[in-house]
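3D, please:
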Amino acid sequence: GLTDYDSGTTGPYGLQSLRAYGDYKTKGYTGEVRFVSDDSGNWSWIAGAFMQRYQIDALADLYIANTAGLNSLPGLPALLVTPRGLSAAQAYVEPTSKESSLYGEVVRKLGERWDVTLGARFYNTELHGYRNVEGLISAAYPTGSYTPIEQNEKGISPKLSVTFKPTDGIFTYATVSRGFQFGGANPPPTLALPNNNPVTGVPVPVDFKSSVLWNYEVGVRTDWFERTLRIDTTAFFLDWSKAQFGQSSGGALPNNYTDNVGKVHSRGMEATIAWLTPVPGLSLNLAGSYIVATTAAPYDPGTGDVIPPGTTMPATPRVQTAATLQYNVSLGPWLTNASLTHTHWGKAYNNIQHTYEIYDFENINGLLSVSRPDWSGAPTLAFGITNIADERALMSHIPSSTAIQEGWAYSRPRAISLRLSAD
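Take a look at the predicted model:
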C-alpha cells in the first residue's frame, strides 16, 4: 500500500517542510499436506509437511516538498534525488523469508485412564535480504549505508504430554513443549542515524532474531452436578529466549521496530468456571488469570540505560478477569437472549522502559436480542450497550515515525447500537 503524509508546516521563505512517502509490497505463498490416522485402537497419529515463502519490498522516503524539479539538474548524485524531489532520507528493505518443516505426533492410550502424546517438528528457516539508506542522511554513514540481512536456523521442537482421568468427571494433564518464533526484518525507518542522538534516538536494528519458547504446563478440568458446573485450572511456566517485543527508538522523530530481549520468564495461573444454574436458560461464566511476565536477563535498548532483570514486559497486566451472566428463553417462536459482561484489565506498561501506564480499567457491556429462526434468513434484532459506565483508559501509545501525528489509543467510549441481521 501507499502512504503520503504532509507535515502541514511551512519553513522560512515560504518553503514547505518535509513530506513522508511509503510504498510497501508483499507477496508469498503457503503450502501444507497432512495425514491423519483413523483413531481406531490404542494408537493414533498425525504427520505432515509445511512450507512458506514470503517477500517484502518496502520503501520509506522523507523528502523536501516542491523539489521534484531538481531531478533535471545535472551533477546531483542519484541517491539524493527521487521522483518526488530532494530526499532527506530514503530507506529500502527487501527481505525474503523461507520456512519448511516436517512434523508428527503419536498418541498412545494406556487403558481407560491414561494417554501419552509424543510429537516433534523439524524446521529449517531462512531470511535474507538487505536494507539500504539513501538521501542526504546517507552522508552520516561513513562505512556505508548498505546492511545485509542473513539468518538461517534449523532445529527440532519436541512435545510430551500425559493425560490422566481418575474419574469420569476429572481430567488432568501435564505438558512440556518447545516452540519456535521466526525472526524477521524491521520496516524501513523514515529517518534514522547510525548512532544514538536526540533527533532519531537509538539506531533501528535491521532485523530481529528468532526466539525459542519452552512451555511447562499442568491443568485440571472437573465436571460437577451432572455436568452443570465445570471448573478448569491451569498453571504454567514459560522460558522464552530472545523474546520478541515492540520498541521505539525514542528521540524527537522516533521509529518503531521489533527487538529481542535475551530471556523472559512468564509464570501464572488461569481458571474458568462455567455454571448452568438451576434457573432454566440462565448461565454464569467466570474467567481469570494471574500472570507475571518479567525479563530474566539485562536488556540494553541502546541508550546506555540498561533494563535490569525482573522488569515487567510491555502490555502484560498481572490480573485479568471476565464474568458473563446470560439468559436464553423461548417465547413461542421467538428466541430471546440477554447478557451482561464485566471485564477487568490490570495495570500494564506501553514499553519495556515503562514510559506510560496502560489498561487498569473495568468494562461493562449489555446485549438484548430477539430472533425468529423459523423465518427465512433467521432474522435477529439486537440492542447493545458497550462500556456502560463510560470508563476511559489508555490502551497503547505508539510514537510517530514521521513526527506528523502521535499514536494514542484509548478504550472505546460508551456506544449504543441497534442491529438487524439475517443469514
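
Tell me the bridge partners for Tyr359.
Tyr359 has the following beta-bridge partners by DSSP bridges: Lys347.

Buried residues, the strand or helix carrying His342. List them.
Take DSSP states H and E as the rule and His342 turns out to sit in strand 334-349. Neighbour-count burial for strand 334-349 flags 335, 337-342, 344-346, 348-349 (criterion: 16 or more other CB atoms under 10 Å). The C-beta positions use only the backbone N, C-alpha and C, and glycine is treated the same way.

what's in contact with it?
By CB atoms under 8 Å, 6 or more residues apart in numbering, the surrounding residues in contact with strand 334-349 are 312, 314-330, 355-373, 393.

from the residues you listed, which ones fall inside strands?
Counting by DSSP state E, the part of the contacts of strand 334-349 found in strands is 319-330, 357-371.

Mind checking which of those residues are buried?
Here, 16+ other CB under 10 Å leaves 320-324, 327, 358-359, 361, 363-365, 367, 369, 371 buried among the ones in strands among the contacts of strand 334-349.

biggest separation within these, which pair?
Maximum pairwise distance in those, criterion CB to CB, is 37.6 Å, between Ile358 and Ser371.

Please name the nearest non-neighbouring residue to Thr380.
Ser371 (3.9 Å; CB to CB, 6 or more residues apart in numbering).

I'd guessed that neighbour sits against Leu381; true?
Yes. If you go by CB atoms under 8 Å, Ser371 and Leu381 touch, sitting 7.4 Å apart.

ok, the residue nearest to Thr380 - contacts?
334-337, 378-381.

Output those residues in a markdown table, with pLDDT appended to each entry.
Listed next are these as a markdown table, based on pLDDT from 0 to 100:
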| residue | pLDDT |
| --- | --- |
| Trp334 | 95 |
| Leu335 | 96 |
| Thr336 | 97 |
| Asn337 | 97 |
| Ala378 | 94 |
| Pro379 | 96 |
| Thr380 | 97 |
| Leu381 | 97 |
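
What lies in contact with stretch 178-187?
24, 56, 58, 60, 93, 95, 97, 99, 121, 123, 125, 127, 129, 131, 149, 151, 153, 155-159, 204-215, 244, 256-258.

of those residues, buried ones?
Buried by 16+ other CB under 10 Å: 56, 58, 60, 93, 95, 97, 99, 121, 123, 125, 127, 129, 131, 149, 151, 153, 157, 159, 204-213, 215, 244, 256-258, out of those.

Which of those fall within strands?
Of these, the ones assigned to strands by DSSP E are 56, 58, 60, 93, 97, 99, 121, 123, 125, 127, 129, 131, 149, 151, 153, 157, 159, 207-208, 211-213, 215, 244, 256-258.

Which is the succeeding secondary structure element to the helix or strand of the chain with the lowest mean pLDDT?
Here the helix or strand of the chain ranked lowest by mean pLDDT, DSSP states H and E is strand 2-6, holding a mean of 44. Per DSSP H and E, the first helix or strand lying C-terminal to strand 2-6 is strand 18-36.

Quick one: distance of that next one to the chain centre.
16 Å (CA atoms, centre = their mean, to the nearest Å).

Pull up the pairing partners for it, direction included.
In the sheet, strand 18-36 lines up with strand 2-6 (antiparallel), strand 43-64 (antiparallel) (DSSP bridges).

Reformat these as a markdown table; add distance to Ala271.
Converted to a markdown table, these look like this (distance: least, CB to CB, whole Å):
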| stretch | distance to Ala271 |
| --- | --- |
| strand 2-6 | 44 |
| strand 43-64 | 30 |
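
Single out the most deeply packed of those.
The highest mean neighbour count among these, using mean count of other CB atoms under 10 Å, belongs to strand 43-64: a mean of 17.

just for this structure, where's the confidence low?
Where the chain drops to pLDDT under 70, the residues are 1-17, 68-81, 139, 142-144, 190, 399-406.

Kindly confirm my reading that Ile137 is in a strand.
No. Using DSSP: H, G, I helix; E, B strand; the rest coil, the assignment for Ile137 is helix, not a strand.
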